[in-house]
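Chemist: Sharing a model that was predicted from the sequence below.
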Amino acid sequence: MIKNYFKTAWRNMLKNKAFSIINLLGLSIGISVCFIIMLFVQDELRYDRFNVKANRIVRVLFQSNINGGKINEATVMPPTAQALKNDYPEVQEATRLHVAGRPKVTYGDKKFNDGEFAFVDANFFSVFTIHFLKGDPATALQQPNTLVITNDFAKKYFGNEDPIGKTLDFNNKSELYKVTGIIDKIPANAHFHFDMFGAMAGHSEAKSDSWMTSNFFTYLVLPDGYNYKKLEAKLPNMVEKYMGPQILKAMGMSLAQFRTKGNSLGFALQPLKDIHLHSNSSYEMEPGGDIKYVYIFGAVAIFMLLIACINFINLSTASASKRAKEVGVRKVMGSGKFELVKQFLTESVLLTFIALLISFAFVQLVLPVFNDLSGKNLSIGFSLQPLLLFVALGLLVGVLAGIYPAFFLSSFNPIATLKGRLSASTKSLGLRSGLVIFQFFISISLIVGTIVIYQQMKYIQQKKLGYNKEQLLVLSNSWALGKNEQFFKEELLKDSRVVNVTTSGYKPAGPTNNNNSMVYPEGKENQVMKTLRYDVDEQYIPTLGIEMAGGRNFSPAFATDSSAVIINEAAAKAFALAGNGVGSHLIWMQGNDGTKVSYHVIGVVKDFHFRSLHEAITPLLMVLKPEWGLIVKTKTADVAGLLSSMKQQWQKLQVDEPFEYAFMDELYNKTYLTEQKTGRILNIFALLTIFVACLGLFGLATYTAEQRTKEIGIRKVLGATVTQVTNMLSKEFLKLVGIACILAFPLAWWGMNKWLQGFAYRISISWWVFILAAFAAILLTMLTVSFQSIKAALMNPVKSLKAD
């Protein structure tokens, strides 16, 4: 019986080639897109879950609101971990990580600085599940100046030599580290990635008892099944016990007095599994994901699959008249409704599994492209789990698409069908219309979404930032020049292609140095604020094209500039300084011993964007304290020639480090890489979704034209023109698109407004976006329907009247 079902299904597919091709194409694209998105969503949701204790690990955050300045940092103070372990028995383990950048490492005659390095506590590998290939995770980092490295790092720099017991020279013999362990590569779906882990026991900053500086990532292991909110509720006690005395000493006020000023500070806990998708904290080790995009892509996958299924349902019910006599004969011959349902479901599942095979090949072909766009490394391979998921998806789609047509077709009255009295019921017509409206409701919403995302990305590219990011070369590793950095800078300034050069590691775009200071206006201790500080030289402001709003720039002519500060307009406003702020004094709080240093304001710069446009411009201070790092302003079209010349000068100085550079505009663009990638992916998925919807519309238009062939012949005999016939066949579909527009516009406006709220600086959604979306939907409908409409209208009326 089952064999007969499949034979009949195969014959019907071959008999109705147009129906089969449209459905195969729609289902293949729908399943492919859905499966790719499922892989993406699964990867995003699996971040950090490879850790055996993932359900029990939480990260400690520092949060405060000081004079309206809100802080939410992923790092906390050095003694936090030990204090939590000592004071709260529910804290079973506490461990820390301190990012140390890329040190200059030497082994024998090999020199390199491309390894990411972090200090961690000795128990770090008992908290996080990272597989050891060599060494003992329990003892590897107990002693100072010991080191655990990844296997990839070991192979790259040690080759076939066993690294265990070997010594690496960090930063020109200032630090020597002995390799005590080799670990496997850290999984891609972890929220941190390092090549080397050094023992925290040898890190002097880790021994600090200061509760006024926060730069340690701190993780806790809690009992299985324990609600971390219970511990979080107890953390204010720790603030009172440890931070209170240091605040009193540094600021001259008790914690209670500090809080009566409207200020607050404390700690929060964040589950490890929430870090990647739910974190909005500053100083994350790596850019995280966004749960909003997981929801967006998940919705696109579901809608894409539904649209493909709707095509099958609509085409199956619209072409019911072709199967009516078959159903009548089968019922007369004794087939029951259940047998007919099984027959039609078999056809649906067979068609779906053919689409599944096409989809499998399509996914394998397209996945590398998707990986390039998304920055992922997804794959199906031939492992059991994804293949079973793929087959299950196909079975689900087959049943979902075929269940209604199966019951609909099997419900025909055999006598009416054999007498040719079958007519489309109002119920089936209403369902088809509703499903078409739903298809275009989704398509129009996606059109609006893609337009708004494109506009926001264009706005980001064109927005005036308050500095000129064009023709700026960044040399971040100029520290390798040592004492020759100034000489190299002077040589650059002799080149006619160079406008200016500044010495600073602080950049308004891309990876940058970070420094914060607790500052308040002189005589106003209650206005203390944690403020970002840039260490710059006299050429920083002119090199970046930052405009002065008042006062002056730093100058070698003023010896007192060593205690001077330039602030931005946001700082002048936040500190409520008199006038434009020039001439005011700001007090720096240094350390936890109450040391205070006074700086006088000599200038105010106009606000410029030194962070992502997701964030509002905050107070910024600039002090005259040049650090390593060069930023070069050029004025030449011969960038390649200039870079070649700079490289030659670099090599003449016999620097161990390679000549590396970046363009400021490219660093800026990378800040919005996630949004750009998401926009491109969403554009592709939107186009595919619209294409599948149009496929279904094309099929419906074909069957509509076939069903009204005699009517069209009669109208043409009575004098109807081709245009009139085309309009007659098209207007019903246009009505449905109009209804879809009315339903889609409010939801699309709400959804895109929610997305835009993630940007502090954003566009407003204009009315013309909806007009353009409606026009696009109508145009697509007309192009899709008109082909069949015109073909039917041009048919010879004599043939039309002779048609069955």
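Modeler: Perfect, I can see it now. Numbers count the residues shown, from 1 in each chain.
Chemist: From the chain's centroid, how far away is stretch 569-583?
Modeler: Put simply, stretch 569-583 sits 36 Å off its chain's centre (C-alpha atoms, centre = their mean, to the nearest Å).
Chemist: Contacts for that stretch, please.
Modeler: Stretch 569-583 is touched from outside by 67-69, 519-521, 524, 527, 529, 531, 549-551, 567, 584, 586, 600-607, 617-621, with contacts defined as C-beta atoms under 8 Å, 6 or more residues apart in numbering. For the C-beta atoms, the positions are set from N, CA and C on the backbone; glycine is no exception.
Chemist: Tell me where the stretch 51-200 of the chain has strands.
Modeler: 57-66, 69-73, 93-99, 105-107, 110-112, 117-120, 132-134, 146-150, 167-170, 175-183, 196-199 (DSSP state E, counting those that start in this stretch).
Chemist: possible to save those strands as a markdown table with mean pLDDT, mean neighbour count and distance to residue 501?
Modeler: A markdown table is the format used below for those (pLDDT from 0 to 100; neighbours: other C-beta atoms under 10 Å; distance: least, C-beta to C-beta, whole Å):
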| stretch | mean pLDDT | mean neighbour count | distance to residue 501 |
| --- | --- | --- | --- |
| strand 57-66 | 86 | 20 | 37 |
| strand 69-73 | 76 | 15 | 33 |
| strand 93-99 | 93 | 21 | 29 |
| strand 105-107 | 81 | 19 | 29 |
| strand 110-112 | 76 | 15 | 26 |
| strand 117-120 | 92 | 22 | 29 |
| strand 132-134 | 92 | 14 | 46 |
| strand 146-150 | 93 | 24 | 37 |
| strand 167-170 | 85 | 19 | 29 |
| strand 175-183 | 90 | 20 | 31 |
| strand 196-199 | 92 | 24 | 33 |
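Chemist: wait, which of the ones you listed is closest to residue 309?
Modeler: In terms of C-beta to C-beta, the element of those nearest to residue 309 is strand 57-66, at 40.9 Å.
Chemist: Show only the entries of the contacts of stretch 569-583 found in strands.
Modeler: Applying DSSP state E to the contacts of stretch 569-583, the entries found in strands are 69, 519-521, 529, 531, 549-551, 567, 586, 600-605, 620-621.
Chemist: what's the nearest residue to residue 169 if we skip its chain neighbours?
Modeler: Counting by C-beta to C-beta, 6 or more residues apart in numbering, residue 169 lies nearest to residue 106, which is 4.1 Å off, once chain neighbours are set aside.
Chemist: Correct me if wrong: the one you found contacts residue 175.
Modeler: No: at 10.9 Å, residue 106 and residue 175 do not qualify as touching, with contact defined as C-beta atoms under 8 Å.
Chemist: Tell me, how many residues neighbour residue 108?
Modeler: Using other C-beta atoms under 10 Å, residue 108 has 11 other residues around it.
Chemist: Dump the strands of the stretch 51-200 of the chain to CSV, plus distance to residue 483.
Modeler: Shown next, in CSV, are those (distance: least, C-beta to C-beta, whole Å):
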stretch, distance to residue 483
strand 57-66, 38
strand 69-73, 35
strand 93-99, 27
strand 105-107, 19
strand 110-112, 18
strand 117-120, 24
strand 132-134, 40
strand 146-150, 29
strand 167-170, 20
strand 175-183, 21
strand 196-199, 27
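Chemist: Which among these is found nearest to residue 672?
Modeler: The nearest among the strands of the stretch 51-200 of the chain, by C-beta to C-beta, is strand 69-73 at 21.0 Å.
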